[in-house]
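Trainee: sequence and predicted structure are below.
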Amino acid sequence: MYLAAMQEERTTIQQMTESLDISKNHTMKIVNKLAHTGWLTANRGKNGGICLGVEPKRISVRSVVELMEQTLVPVNCESPPCVLNQRCELKKILWDAQQQYLKHLAQFTLADLLNKATRDIITLIE
């Protein structure tokens, strides 16, 4: 959201982490992952920095969640093995709920998250 609010301006990880008061190490990992998808453009060096690599309307919230979450399995019935696994209805209920959640997220893009109030706050904290 921070980079989308900046539109085509470049920023640095340092500037972003200081503005948002978030972990630099964690942010570096996220930027690296997003850059590999092409959603961010990241350049090193004197004139380097990061910015969005695509328009915010081309990045779905669902796609971001799917990329960033290590697993989307709602419940682990395999390790340790659950004796109810073959007959349990909970797994199916949670799976169906998760699919509805992901379907809902798919309706929104990064652009949808950037209302005027959000942009104003990001501009103030830069």
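Mentor: Good, I have the coordinates.

Trainee: what comes up buried for the helix or strand where Tyr101 lies?
Mentor: Using DSSP states H and E, Tyr101 maps to helix 90-105. Residues of helix 90-105 classed as buried by neighbour count (16 or more other Cβ atoms under 10 Å): Lys91. For the C-beta atoms, the positions are set from N, CA and C on the backbone; glycine is no exception.

Trainee: quick one, strands of this structure?
Mentor: For the chain, the strands defined by DSSP state E occupy 40-43, 49-52.

Trainee: out of the ones you listed, nearest to Met1?
Mentor: Smallest distance to Met1 across the strands of the chain (Cβ to Cβ): 10.4 Å, for strand 49-52.

Trainee: what does that closest one contact?
Mentor: Residues outside strand 49-52 that contact it (Cβ atoms under 8 Å, 6 or more residues apart in numbering) are 3-4, 6, 8-13, 16, 31, 35, 39-43.

Trainee: write the ChimeraX selection for whichever of these are buried.
Mentor: Remark: buried members of the contacts of strand 49-52, expressed as a ChimeraX selection using 16+ other Cβ under 10 Å:
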select :3,4,6,13,16,31,39,40,41,42
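
Trainee: which of the contacts of strand 49-52 fall in helices?
Mentor: Counting by DSSP state H, the contacts of strand 49-52 place 3-4, 13, 16, 31, 35 in helices.

Trainee: return the member of these nearest to Phe108.
Mentor: Of all the ones in helices among the contacts of strand 49-52, Phe108 sits closest to Ala4, with 12.8 Å by Cβ to Cβ.
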